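Peer 1: Got a sequence here, can you build the structure:
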Amino acid sequence: MELSPQTAAGKVLMHFCISLDGYVAGPGHDMAFMEGATTREGLHREYIETTGAVLAGRSGFDSAIGDSRPYGGAWQGPIFVLTHHPDDAEPIDDITVLSCPVDEAVRIALDAAGGKNVEVFSPSICAQLLDLGLIDEIDIHIAPVLLGDGVRLYEALGGRIRHLLLDGPVPSRTVDLRYRPAPAVAGDAR
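Peer 2: Prediction:
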């Protein structure tokens, strides 16, 4: 099944590359698991062109992102970092630190996005937005790796949120993946 290209429609996107076992980052927000994973031709360009703002969480920003820009620096635009402790946030050019309710942070990001999409780069913020009904779409890219530990995509005890598959003939159908274990690559932990 081929997905239709991403569109800039003022959506709030929960957008992550995850491991097969559901982690968006390894321990300490390590993102090295994405190295060597390939995506379909033009995928990053779609997101670069349709994203108007990014909303990030503080721990991921401090640990993994810092002053780097999304998509290897190819995307330029407003980044908002939501935190409970703004006083000790290191000031970085073009990064706005917010300390407000999550729904207000989304409103601020949407206003700054100028009609384009807001990508949310924090699983904990996404969980809060899902609870509030403020996520318009979940875009997941699965890397062929098992991490076993790290930052989970979604951790909400006792909750179940159903979603409908976009671009599929049956919106409630499971997505079937099939992988074969590959030989270890230098630098892989076992």
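Peer 1: what sits up against the lowest-mean-pLDDT helix or strand in the chain?
Peer 2: Sorting the helices and strands of the chain by mean pLDDT, DSSP states H and E puts helix 58-60 at the bottom, at a mean of 77. Residues from elsewhere that reach helix 58-60, judged by CB atoms under 8 Å, 6 or more residues apart in numbering: 25, 29, 81-85, 89, 121-122, 151. Where you see a C-beta, it was placed from the backbone N, CA and C, and this is true even at glycine.
Peer 1: switch to 6 Å and redo it
Peer 2: 29, 81, 83, 122 (CB atoms under 6 Å, 6 or more residues apart in numbering).
Peer 1: in it, what counts as buried?
Peer 2: Neighbour counts using 16 or more other CB atoms under 10 Å place 58, 60 of helix 58-60 among the buried residues.
Peer 1: Then stretch 90-100?
Peer 2: 95, 97-98.
Peer 1: Ends of that stretch, what's the gap?
Peer 2: Distance across stretch 90-100, first residue to last, is 18 Å (CA to CA, to the nearest Å).
Peer 1: same deal with stretch 20-40?
Peer 2: 18 Å.
Peer 1: quick one, strands of the chain?
Peer 2: 12-18, 23-25, 51-57, 79-82, 95-98, 117-121, 137-142, 151-152 (DSSP state E).
Peer 1: Save these as CSV, and put in mean pLDDT and distance to Pro70 too.
Peer 2: Putting those into CSV (pLDDT from 0 to 100; distance: least, CB to CB, whole Å) gives the following:
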stretch, mean pLDDT, distance to Pro70
strand 12-18, 90, 10
strand 23-25, 89, 14
strand 51-57, 93, 6
strand 79-82, 93, 8
strand 95-98, 90, 12
strand 117-121, 95, 7
strand 137-142, 87, 13
strand 151-152, 88, 17
